[in-house]
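Undergrad: Predicted model, plus sequence, below.
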Amino acid sequence: MIRWDNEIGPINEGFYPDDLRITNNLLTQVYSSHRYQSLKPGFASISLENYKIVSFFSGVGQEHISVENYVVALLLRRDEKPQKYREALKKIAASILDKIENEQFRELLPELYLELSRI
C-alpha cells in the first residue's frame, strides 16, 4: 500500500508480510507508472529484473475510488503473469481502500495475502 505525498513523495502505508523491504525508488516507480498514464483509477504492471509488480491506483480528482492518491500493489515472481491477478487485485483494492481512513485495512492484509496465494 503506497500513498503519495507531494512534499515527501511515496509513503509506505503498509506492507505484507511486514518484513518486506521495498526501496523508495521502487515505490516512486510504481506510483509514477500510474500517474504518467492518467489521473483516473486503473491498473499498471512493471517488469523488473527479478520480479514483476501489478498495481491498482485509486485515482486523483472527481473520479477517484474511495480515497485519492493510493496504490495497492502486488509483488510477483518473474515467471508470474500480472494479468492473472487483475480481478483479485480489483477486489482486494476495494476492500483495502474502503478501510484506509481508520487503518482497519491492516487487519485484512493476512487474509487477503492468503487468498492471493491460492491463485
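TA: In hand now; what should we look at? Residues are numbered from 1 along each chain as shown.

Undergrad: any chance you could map the strands in this structure?
TA: Residue ranges of the strands in the chain, as given by DSSP state E, are 2-5, 9-12, 42-47, 51-57, 70-77.

Undergrad: Hmm, Ala93 is touching Val67, no?
TA: No. Using CB atoms under 8 Å as the test, Ala93 is too far from Val67 to be in contact (10.8 Å). The C-beta positions use only the backbone N, C-alpha and C, and glycine is treated the same way.

Undergrad: Settle it for me: which of those two has more neighbours?
TA: Ranked by neighbour count (other CB atoms under 10 Å), Ala93 and Val67 place Ala93 first, with 25 against 15.

Undergrad: Who are the contact partners of that one?
TA: Residues near Ala93 by CB atoms under 8 Å, 6 or more residues apart in numbering: 56, 58, 65, 72.

Undergrad: Look at stretch 34-53 and report the distance between its end residues.
TA: 12 Å (CA to CA, to the nearest Å).

Undergrad: Would you mark the buried spots in it?
TA: Using 16 or more other CB atoms under 10 Å as the test for burial, stretch 34-53 gives 34, 39, 41, 43-46, 52-53.
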